[in-house]
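Student: The following block contains a protein sequence and its predicted model.
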Amino acid sequence: MSTPRKPQVLFVLGGPGAGKGTICSKLVEKYGYVHLSAGDLLREERAKPGSEYGELIESHIKAGTIVPVEITCSLIDRAMRESKSPHNKFLVDGFPRNQDNLRGWTQEMSDKVDVNGVLFFDCSEEVCTQRCLNRGKQGSGRSDDNIEVLKKRHQTHVNDTMPIVHHYENLGLVYKFDGEKTPAEVFDNVQETLKKIGWCC
């Protein structure tokens, strides 16, 4: 009997408001991939009554800092195992965000999944901030869509996440997109890339 194929993973990175979630939701709708947002998984876990991680996650989200990697990896791993998707293809959004995330992922997950690359959405701080503030005005319900936390999140992105993008770039695994284009243009560019790497026809 053949062993089941490992989950195929694409990391999705970019600053807060770069369009990661928008493009992921379009890919889910069209191709049926599973979108796992590290942030959403953490927020869901935080909201669960009696969660052992809830308070710790809340304190990190409010401070704009990064939750311990073991927690995030265990939530991603659980979501993959519980997924009923026939494709076995996962868009892991907003992760790994720093060196510690990368170390933890390599330690906890590298035997369990195949990472096929990183979709990186490049977008200026000004555009990202405006998008997040607009999202906040439209009632996103996110405690981090405000100017103070956004400044911290951008600093975290530049200082901590960009070295991760460069790490995967050196491995030839980064696919870069102009996040300031319209969602439709970005989506077309992403689909072209997915064809090249064998994710869609």
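Tutor: Arrived safely, thanks for sending.

Student: tell me the SS of residue 115?
Tutor: At residue 115 the chain is in strand, as set by DSSP: H, G, I helix; E, B strand; the rest coil.

Student: So residue 64 is in contact with residue 157, correct?
Tutor: No. Residue 64 is not in contact with residue 157 according to Cβ atoms under 8 Å; the separation is 10.6 Å. For every residue, glycine as well, the C-beta is placed using N, CA and C.

Student: Who has more neighbours out of those two?
Tutor: Counted by other Cβ atoms under 10 Å, residue 64 and residue 157 do not tie: residue 157 has more neighbours, with 20 against 17.

Student: Which parts of this protein are strands?
Tutor: Ranges of strands in the chain, per DSSP state E, are 8-14, 34-37, 89-93, 114-122, 174-178.

Student: With respect to residue 197, which of those lies nearest?
Tutor: Taking Cβ to Cβ, strand 114-122 is the member of these nearest to residue 197, at 5.9 Å.

Student: on that earlier part again, a markdown table please, covering the strands of the chain and showing mean neighbour count.
Tutor: What follows is the strands of the chain, written out as a markdown table (neighbours: other Cβ atoms under 10 Å):
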| stretch | mean neighbour count |
| --- | --- |
| strand 8-14 | 24 |
| strand 34-37 | 20 |
| strand 89-93 | 23 |
| strand 114-122 | 20 |
| strand 174-178 | 17 |
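
Student: can you tell which of those strands is closest to residue 148?
Tutor: Residue 148 lies closest to strand 8-14 among the strands of the chain, at 20.7 Å (Cβ to Cβ).

Student: circling back to that earlier point, out of the strands of the chain, which comes closest to residue 150?
Tutor: Minimum separation from residue 150 across these (Cβ to Cβ) falls at strand 8-14, 13.9 Å.

Student: Any idea how far that closest one is from the middle of the chain?
Tutor: In terms of Cα atoms, centre = their mean, to the nearest Å, the centre of strand 8-14 is found 6 Å from the chain centre.

Student: tell me the mean pLDDT over that strand?
Tutor: Mean pLDDT, strand 8-14: 95.

Student: wait, what's in contact with residue 26?
Tutor: For residue 26, the contacting residues are 183, 187, by Cβ atoms under 8 Å, 6 or more residues apart in numbering.
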